[in-house]
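**Q** mind looking at a prediction? Sequence and model below.
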Amino acid sequence: MIPEAKVVSYGQVALMAGVPRGARQVGWILHEHGDDGPWWRVINNSGRISIKSPDHSPIVQKEKLEADGVSVSENLEIDIEKYRWRPAQETLDELKLPDEYIFKIMEKYQI
């Protein structure tokens, strides 16, 4: 669901999946099944590329993000707040999460 030229953090994906504190699991899922979607649009919450995969290097992720229109510094940093995907209320409703999670998402990511 993450649109081109936008990024999310591992924790943001976990919260939107209804699994708060599941950031590490998101990393493992992307490692195992990342080729099924835009894995390169997921970065750590401090705005750094932190991938540690034998299949994809940080440089590959940087190149893919730049091709999407995301500016990435030489030291693999991104202005996460500038590029963070903040889904519309309709998109959040489609997730069918309990209200408490929707509230957390809206509060934490200023939606």
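**A** Structure's in. What do you need?
**Q** strands of the chain, start to end?
**A** 8-9, 42-43 (DSSP state E).
**Q** format those strands as a markdown table; extra columns: distance to Glu94, mean pLDDT and mean neighbour count.
**A** Quick note: C-beta positions are derived from backbone N, CA and C, even for glycine. Formatted as a markdown table, the strands of the chain follow (distance: least, Cβ to Cβ, whole Å; pLDDT from 0 to 100; neighbours: other Cβ atoms under 10 Å):
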| stretch | distance to Glu94 | mean pLDDT | mean neighbour count |
| --- | --- | --- | --- |
| strand 8-9 | 16 | 96 | 23 |
| strand 42-43 | 19 | 96 | 25 |
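**Q** relative to its centre, which residue of this structure is most distant?
**A** Asp99 (21.3 Å; Cα atoms, centre = their mean).
**Q** let me know the pLDDT of that residue.
**A** Looking at Asp99, its pLDDT stands at 91.
**Q** same thing with Leu95?
**A** 89.
**Q** what's the local residue count around it?
**A** 14 (other Cβ atoms under 10 Å).
**Q** now do the contacts for it.
**A** For Leu95, the contacting residues are Met16, Gly18, Ile102, by Cβ atoms under 8 Å, 6 or more residues apart in numbering.
**Q** neighbour count and pLDDT for those residues - can I get that in JSON lines?
**A** Formatted as JSON lines, the contacts of Leu95 follow (neighbours: other Cβ atoms under 10 Å; pLDDT from 0 to 100):
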{"residue": "Met16", "neighbour count": "24", "pLDDT": "93"}
{"residue": "Gly18", "neighbour count": "12", "pLDDT": "91"}
{"residue": "Ile102", "neighbour count": "18", "pLDDT": "91"}
